[in-house]
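Engineer: what's the 3D shape of this:
(chains A, B and C)
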Amino acid sequence: MFVTCVVDQVFPQVGVAITQVLERLGYQVHFPEAQTCCGQPAFNTGYTEEARKIARHFLDVFRDSEAIIVPSGSCTSMISHHFADVFQHDPKLLAEAHALEPRVWEFSRFLLEAAQVDDVGARFDGIVTYHDSCHALRELRIKAGPRKLLAKVQGLTLAEMDAAEECCGFGGTFSVKFPEVSGAMARTKIDSIQKTGASTVVSIDSSCLMQLQGVIQRAGLPIRTLHLAEVLASR
Amino acid sequence: MVGGAERLIVTAREQILGGVRKALSRTAGQPPLFETAPTLRIPRSDRNLYVDLFVQKLENLGGKSFRVRDTAAVVPAIAELLVQKSAVASNSPFLRKCGVTGLAQVHAGFTDREELKEACAAADFGITSVDYALAATGTFVMLSSHSEARLVSLLPPAHIAIFPRSLLLANLDELLSILPRPADQTSSMVLITGPSRTADIEQILVRGVHGPGEVYAVIVENE
Amino acid sequence: MKAPETEIQQAINDPRLQLAIYTGTGRLIDHRAKVVGAEELPDYQELRNEAHAVKKHTIENLDYYLEQLESNVIAHGGQVIFCRTGEEAADFVLNLAKERGLHMLVKSKSMTSEEIDFNERLERHHLEAVETDLGEYILQLAHQRPYHIVAPALHLTRYDVARIFTQELGVENEVVIEKQTRIARGVLRRKFLEAGIGVSGANFLIADSGAIVVVENEGNARLSTSAPKIHIAIAGIEKVIPRAQDLAVFLNLLGRSATGQPLTAYTSFLSGPRREGEIDGPDEFYLLLLDNGRTKLLEDPEKRQSLYCIRCGACLNHCPVYRKIGGHNYPWVYSGPIGAIITPQFHGVTEDTWLPFASSLCGACAEVCPVKIEIPKLLLKLREEVTQVKRKEDSDVMERFAFQLFAWVAVRPKIYLLLASLGSLFFPLVPHIGPLKKWASQRTLPEPAKQSFHQWWAARKGSS
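Structural biologist: As a prediction, the model looks like this:
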C-alpha cells in the first residue's frame, strides 16, 4: 500500500480504513515504511528534476511489490501515466516505470477488478454525494466503479450532484498560487453539494476532500468529507 | 499591384514558406508523407424518408415547410404568404416551371448586379430553388450561378426555397461525395440551415439578424 | 509578468459577472452535450481521432499545402498575399483602399484580425472597419476586447447593451434583446450595401480547392463577402486542410463543439471572385495568409499541436478557471485553455509566466477538444520551461529552494518522518508564511493528524 503523503500526514484514518477493508477480504497488507511521496507536487509545478528524484525513490521502495494500492486518483495517475514523462530521458528507469504500471492500483479499481468484489459488507446510514476527482475521471477513466461500490453499502443513499465532474479547485500548488480562484471553484462545488441534501461528500482523492473540507468548515456547513475507503470500512 | 510592393510580397512569401520548411525539416517541393482518404459517413437509409426528416429538422430550427404533389401546386401553396408582399425570384428554370416567376408581385430575370441588389434590398421575399438539400440537417445547398444569385436568399427578410424531392441527399457527407470540389463549379457554395440567428446577448435566441428571419421550403414530391 | 490578481479578485467578487459567465458557458456546455452523445453522434470519438490525424498530417506538411492552396486560389482568379506580421496585413488593406479611394469596409468576425489589432491599425489611417457580427459590433461600440472566442459578448447583459447603444448610437434606452438586434441590423444593413470592401476571416482554408470556408449564424459574413465588390480574407497559415472532403469531419465537429449545432445557419465555401455568368459576388478576392509567429510554434514537435485548434471555444466553456476569472483576465485575445498554451508560445515564456500555472490541470479541456490537443500536457511542458528559465535567472529562489528541499527530504525516509512529526509544532505558523497567507485565508486549514499513518502502522506492528 502506498498511502500518499496527504493521507499519511493529514488523513491517516484513510490508510487505516483501507487496511481494514483489505484484511477483511483476506489480503495481507504490506506497508513499506520507507515510502514518502510520488513526486506529483514537484512535477506539476514544473520541477521535473526534483520530481525525478522523488519518483526514483518510489521505484526503489516498490520495485518488488506484488500490487501497490493507492487511495488517490491523482497519485495513481502520476505513477502510471507521468512517471514515463519524468523518466523519458533515462531508458533504464523508464523501463522500470513501465514494468511497475500494471501493478499499480487505485483502491476502488483494485476492489472491483482485482479482488472482484463490489460488496464489502459495509454499512453507512445517510445521504451521500460523490465527487469525481479530475485525474481519476479523466486520466484513469474511473466513474462508474466507486458508484457501484457505494450502491452496495447498506443504508446509504447516493444523490448525484450537478457539478460532480467539475474540478474542486485544489490542483496542488494551484490552490496556493491562485487561492481566490481555487476557493471560488470549491464554493461552486459546495453549492452543488448542498442542493443534493447530502450530509457527506465522498471521493477517492484525499486532496480533493481536504480542499472541500477547508472551505466547508470555513463556511460552517454541516457537511462531512469522507474517503470512499472510510465509507467501505464502516460497519 | 505596384512593382516595388510586388518584390516585398515575394520576399514575405519566401520567408514564411522557408520558415515553415525549416521548422518541419522539409525541403521545397517535397511531397507530403502518406495521407489517408477522407472518411465519408453516408447513412444507408430509406430515401423515401428524407422528406419527413428534412421537414422535421427545418421546423425544429424555426423554418416552415410545404409539401406539394406537383409543380402546379406550388403557387397555390405560397400564394397566401405573398399577399400584399413583393418578392424577387432567382432565374432558376425550376421556378419558371412552377409558375412562380409569372406571379404579379414577383420580380425575376435580373442579370445586372446593381439592379438585383437594389431589388433584393427592397423586397419582402427572396424566392429561389436549390442545387441540393440535406435531409439530416434541414439544409439548402445553393451554388452561385447564372440561375442563382447570392443575394436573393440573403437580403430580403424572408426566403422561400422551392425544389423537387429528387434533390434531397442524406447529409453533408453525401454532398461531398458527389461534389468533391465545389470550387470547380462555382465561386460560392452556401449551406443554409434554417433562419439567420444569434444568441450573442445573454445567450437569448433571436432570429433574422442579417439574413432572412423567416425561411420556407416548398418540396415538390413528384419531381 | 505577474498575474492580474486585483482584477481576478474583482471578477470573482462580482456576482453579476459570475452569473453571466457561469450561465453563458453552462448553456454552451449543455448544447454541446446534447449533440455529441452516443446516440446523436456515435462516431464522435472516431471523428476526433480523424480530425487530429488530418491536422497533424497537414501541419507536418504545411508548406506543401500552402503552395497548393495558393496555386488554386490564383487559378480561380484570386490573389494570395503572405503576411509576416499584422502590420503587413493591415498595410496591404490600407494601400488597396487608398488606391480605390475607399474609406469604409465591413468586417465579419475574425479572431485572427483581433490578434493583429487590425481595426486599430486601419483606424489610425482613417479607414473605418465596421464590425458586423452582433457581439463584435457591440464590443466595437464599447471599445472592448472579445470575452470569448465564439461568444464575444458573453459578459454583457441586455442592460449593458442598452447603455452602450444609447451612449454610442444616441438611441433611446432599449432593453428588449430582439429590439436591440433590430437596431444593429438597421445600422449595419446600410453599411453592407455601401461598403466597397468586405473583410472576413476563415474557419478553414481548402488546399485542393483554393477556397475558404466561413461558418456563421447571422448572415453578416455572407453579406460582407457577397455585397461589396472586393473581398479580403485574413487567415492564419495553420487554418489549411488538404481537401474539401475533409470538411465532412471538421464541419461535423465544429458547430457541435462550439454551440451544439450540427450545422450553423450558414456555411460558405468561397473560392475567389465571381465566375463568368454569376450575377453577383465580388470582382476581386485577396487571401491574406498570416504568419505572425506561427512558424515559430511549428518548430517544437511536441507543442506544435497547438496549431490544430479550430477555434470552437469548447475548452473555454468547460474550463473551471475560465468560468471564474473570465476572458478579460487573460493577457491576450485568445483566452481559456487554448489561450494559456499559445500565448507563451507566441510571446515567449518569460512574458506572463503565471499563465501556464493558472490551471488545476483538471483535464476537462482535453476531454472536449475536437482535435484532441493535449492541453494539460502542454501546460506541464510550459511550466517546466518557465522553471528552467527561473533556474537560469536565479529568480523565485524560495519556491525552488522549497522543492529542492522537499526532494532531498523525500528520498530520506527517516528525515522525512522526523520532520513530519515536528510539523505539527510548526503548523500554526502556516497562515503567516507569505505565499501561504492567501491560501490560508480561503479556508479552515487542515490539521496534521496527531498520529501519522506511519506511526499508526509502527505501533500496530509493535503490539502484535
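Engineer: can you tell me the residue of chain C closest to chain B?
Structural biologist: The nearest approach of chain C to chain B comes at C:Gly219, 2.6 Å away (C-beta to the nearest C-beta). No exception for glycine: its C-beta is placed from N, CA and C like everyone else's.
Engineer: is stretch C:307-322 anywhere near chain B?
Structural biologist: No - Stretch C:307-322 lies apart from chain B when judged by C-beta under 8 Å from any C-beta of the partner chain; the minimum separation is 10.6 Å.
Engineer: buried ones in that stretch?
Structural biologist: For stretch C:307-322, burial by neighbour count (16 or more other C-beta atoms under 10 Å in any protein chain shown) applies to C:307-322.
Engineer: what's the answer for stretch B:21-40, then?
Structural biologist: Residues of stretch B:21-40 classed as buried: B:21, B:23-24, B:26, B:32, B:38, B:40 (neighbour count, 16+ other C-beta under 10 Å).
Engineer: over to stretch C:418-425?
Structural biologist: Neighbour count says stretch C:418-425 has C:Ala420 buried, by 16+ other C-beta under 10 Å.
Engineer: let me know whether it sits next to chain A.
Structural biologist: Yes - for stretch C:418-425 and chain A, the contact criterion (C-beta under 8 Å from any C-beta) is met by C:420, C:423.
Engineer: show me where pLDDT drops low in chain B?
Structural biologist: Applying pLDDT under 70 to chain B flags residues B:1-10.
Engineer: if I look at the one residue in it that gets nearest to chain C, how far off is C:Arg27?
Structural biologist: In chain B, the residue that lies nearest chain C is B:Gly211 (2.6 Å; C-beta to the nearest C-beta). Noted for B:Gly211: a distance of 23 Å to C:Arg27, by C-beta to C-beta, to the nearest Å.
Engineer: higher neighbour count, these two?
Structural biologist: Ranked by neighbour count (other C-beta atoms under 10 Å in any protein chain shown), B:Gly211 and C:Arg27 place B:Gly211 first, with 29 against 19.
Engineer: specify the local secondary structure of the more buried one.
Structural biologist: Following DSSP: H, G, I helix; E, B strand; the rest coil, B:Gly211 is assigned to coil.
Engineer: wait, what's in contact with it?
Structural biologist: B:Gly211 is in contact with B:154, B:159, B:195-196, C:218-219, C:222-223, C:265-266, counting by C-beta atoms under 8 Å, 6 or more residues apart in numbering or on different chains.
Engineer: how about the secondary structure of the residue nearest the centre of chain C?
Structural biologist: Centroid check for chain C by C-alpha atoms, centre = their mean gives C:Tyr334 as the closest residue, at 3.7 Å. Of the three states, C:Tyr334 takes coil under three-state DSSP.
Engineer: distance check, it against C:Ile342.
Structural biologist: For C:Tyr334, the distance to C:Ile342 - C-beta to C-beta - is 6 Å.
Engineer: repeat that for C:Asn203.
Structural biologist: For C:Asn203, the distance to C:Ile342 (C-beta to C-beta) stands at 17 Å.
Engineer: which of those two has more neighbours?
Structural biologist: C:Asn203 (25 against 22).
Engineer: contacting residues for the nearest residue to the more buried one once chain neighbours are set aside?
Structural biologist: Among residues not flanking C:Asn203 along the chain, C:Val215 sits closest, at 4.7 Å (C-beta to C-beta, 6 or more residues apart in numbering or on different chains). Neighbouring residues of C:Val215 by C-beta under 8 Å, 6+ apart: C:203, C:251, C:254-255, C:264, C:266-268.
Engineer: in helices only, show me those residues.
Structural biologist: Members of the contacts of C:Val215 lying in helices (criterion: DSSP state H): C:251, C:254-255.
Engineer: partner strands of the longest strand seen in chain A and their direction?
Structural biologist: Across chain A, the strand with the greatest residue count (assigned by DSSP state E) is strand A:123-130. Here strand A:123-130 is paired, per DSSP bridges, with strand A:154-158 (parallel), strand A:200-203 (parallel).
Engineer: looking at chain C, which helix or strand is least sure?
Structural biologist: Here the helix or strand of chain C ranked lowest by mean pLDDT, DSSP states H and E is helix C:434-441, holding a mean of 68.
Engineer: sorry, back to before: from the buried residues of stretch C:307-322, which are also near chain A?
Structural biologist: Contacts with chain A are made by C:320-321 out of the buried residues of stretch C:307-322, judged by C-beta under 8 Å from any C-beta.
Engineer: show me the buried residues of stretch C:307-322 that map onto helices.
Structural biologist: C:314-318, C:322.
Engineer: what about the helices in chain A?
Structural biologist: Using DSSP H, the helices of chain A run over residues A:5-9, A:12-24, A:40-44, A:48-62, A:73-77, A:83-86, A:91-100, A:107-109, A:134, A:144-151, A:174-177, A:179-196, A:206-219, A:228-233.
Engineer: turn these into TSV, including mean pLDDT and distance to B:Ile16.
Structural biologist: Below are the helices of chain A laid out as TSV (pLDDT from 0 to 100; distance: least, C-beta to C-beta, whole Å):
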stretch	mean pLDDT	distance to B:Ile16
helix A:5-9	88	50
helix A:12-24	94	57
helix A:40-44	91	37
helix A:48-62	93	34
helix A:73-77	93	40
helix A:83-86	92	33
helix A:91-100	93	38
helix A:107-109	95	50
helix A:134	95	40
helix A:144-151	95	50
helix A:174-177	91	38
helix A:179-196	95	39
helix A:206-219	93	46
helix A:228-233	95	55
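Engineer: ok, which of those comes nearest chain B?
Structural biologist: Proximity to chain B (C-beta to the nearest C-beta) singles out helix A:179-196 among these, at 18.9 Å.
Engineer: may I see the buried residues of the closest one?
Structural biologist: A:179-190, A:192-194, A:196.
Engineer: ranges for the helices of the stretch 201-350 of chain C?
Structural biologist: Along the stretch 201-350 of chain C, counting by DSSP state H, counting those that start in this stretch, helices occupy C:220-226, C:247-259, C:294-298, C:314-318, C:322-325, C:336-347.
Engineer: mean confidence for the shortest one?
Structural biologist: Averaging the model's pLDDT scores along helix C:322-325 yields 97.
Engineer: that helix packs against which elements?
Structural biologist: Contact analysis of helix C:322-325 by 3 or more C-beta pairs under 8 Å, 6 or more residues apart in numbering or on different chains; DSSP states H and E lists helix A:179-196, helix C:5-12, helix C:15-36 as its packing neighbours.
Engineer: wait, what's in contact with residue 186?
Structural biologist: Unless you meant another one, I'm taking chain A. A:168-169, A:211-212, A:214-215, C:442-443.
Engineer: wait, chain B was what I had in mind.
Structural biologist: Residues in contact with B:Thr186 (C-beta under 8 Å, 6+ apart) are B:143-145, C:271, C:275, C:278.
Engineer: check those and tell me the two furthest apart.
Structural biologist: Farthest-apart pair in those is B:Ser145 and C:Ser271; separation 13.5 Å (C-beta to C-beta).
Engineer: more neighbours: which of those two?
Structural biologist: More neighbours surround C:Ser271 than the other of B:Ser145 and C:Ser271, with 28 against 19 (other C-beta under 10 Å).
Engineer: thought the more buried one was touching B:Ala183?
Structural biologist: Yes - in this structure, C:Ser271 is within contact of B:Ala183 by C-beta atoms under 8 Å, at 3.7 Å.
Engineer: now the common contact residues for those two.
Structural biologist: Here C:Ser271 and B:Ala183 have C:72, C:76, C:206, C:209-211 as joint contacts, going by C-beta under 8 Å, 6+ apart.
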